[in-house]
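In: take this sequence and fold it.
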Amino acid sequence: MSFLNLKSTNPSPEDIARWCRWLGWTGLVMQAMLGFIPLLVVVTRIFTGQQIGRFGWGLWLAMACLLLLLFSIYWCFRYTRIAARLVLAERRPSKPAVKRAIKLGLLSNLAIVTLATVIALWQVSAMTLRLLSVPQGATVIAPNAAVPAAAALITPSNMITIYAMISTIAAGLVGLIVALLLIYLIGRHRVSQDSF
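Out: Model (predicted):
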């Protein structure tokens, strides 16, 4: 496709607008799809069996990560609005303003990846410590109805939480890729330092 030519030495504002629109919508859809499971997990954790006073720091970090993900999804939509302004010469934003907007998206996605990685490492470490508490060579037999969820080594909710964190990391990576591609493309525009 000619409109996706990254090799152009000096892309026009219209080329940059097409990229912003295409990458903005792609990032928005992919992050929304990847963010559905984490949203479901956090909302379920908040509304089932946990009182406000008993929120652990892991749940607070997960909520912060989810808020950052929602912001990043909105920011991908914002790239499409920047694209609409780039097409019209009289409404065209300055190059530093566009770079600032993209850098904010980059920083929010870096924060998402960092927080989600910390939460995932914490969850995996906790499960690993539980598994290491079993004596070497022991066989764990857990009939379905006889073992309460608190006594189980690894529960389905543990695995769903890990999956949610991996989905969040993937959503953050999508946002990082979108922002880095846009920064690269704007950096190739060489007509003027401050305008398109």
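
In: quick one: Thr128 from Cys76, how far?
Out: 35 Å (Cβ to Cβ, to the nearest Å). Where C-beta positions appear, they are placed from N, C-alpha and C, glycine not excepted.

In: before we move on, what about Ile16?
Out: Distance from Ile16 to Cys76, by Cβ to Cβ: 16 Å.

In: the two: which is more packed in?
Out: Cys76 (25 against 22; other Cβ atoms under 10 Å).

In: where's the more buried one, which helix or strand?
Out: Using DSSP states H and E, Cys76 sits within helix 57-87.

In: quick one: list the elements packing against the helix or strand just after that helix.
Out: Next helix or strand after helix 57-87 toward the C-terminus (DSSP H and E): helix 95-132. When contacts are defined as 3 or more Cβ pairs under 8 Å, 6 or more residues apart in numbering; DSSP states H and E, helix 95-132 sits against helix 57-87, helix 156-188.

In: as CSV, these with mean pLDDT and distance to Val124 would be great.
Out: Shown next, in CSV, are the helices and strands packed on helix 95-132 (pLDDT from 0 to 100; distance: least, Cβ to Cβ, whole Å):
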stretch, mean pLDDT, distance to Val124
helix 57-87, 91, 12
helix 156-188, 91, 7
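
In: closest one to Val42 among these?
Out: Closest to Val42 of those is helix 57-87 (Cβ to Cβ; 5.1 Å).

In: please report the distance of the residue sitting nearest the centre point of the chain from Ser94.
Out: Centroid-nearest residue in the chain: Gly172, 2.6 Å away (criterion: Cα atoms, centre = their mean). Per Cβ to Cβ, Gly172 is found 28 Å from Ser94.

In: could you do Asn158 as well?
Out: Applying Cβ to Cβ to Asn158 and Ser94 gives a distance of 49 Å.

In: ok, those two, which is more surrounded?
Out: Using other Cβ under 10 Å, the more surrounded residue of Asn158 and Ser94 is Asn158, with 17 against 13.

In: ok, that one touching Ser125?
Out: No: counting by Cβ atoms under 8 Å, Asn158 does not reach Ser125; the two are 11.9 Å apart.

In: quick one on the thing from earlier: for the residue nearest to the centre of the chain, give me its contacts.
Out: 69, 72, 109-110, 112-113, 116 (Cβ atoms under 8 Å, 6 or more residues apart in numbering).

In: need phi/psi at Thr155.
Out: With angles defined as degrees, to the nearest 10, Thr155 shows backbone torsions of phi -100, psi 160.

In: per-residue confidence at it?
Out: Per-residue confidence (pLDDT) for Thr155: 77.
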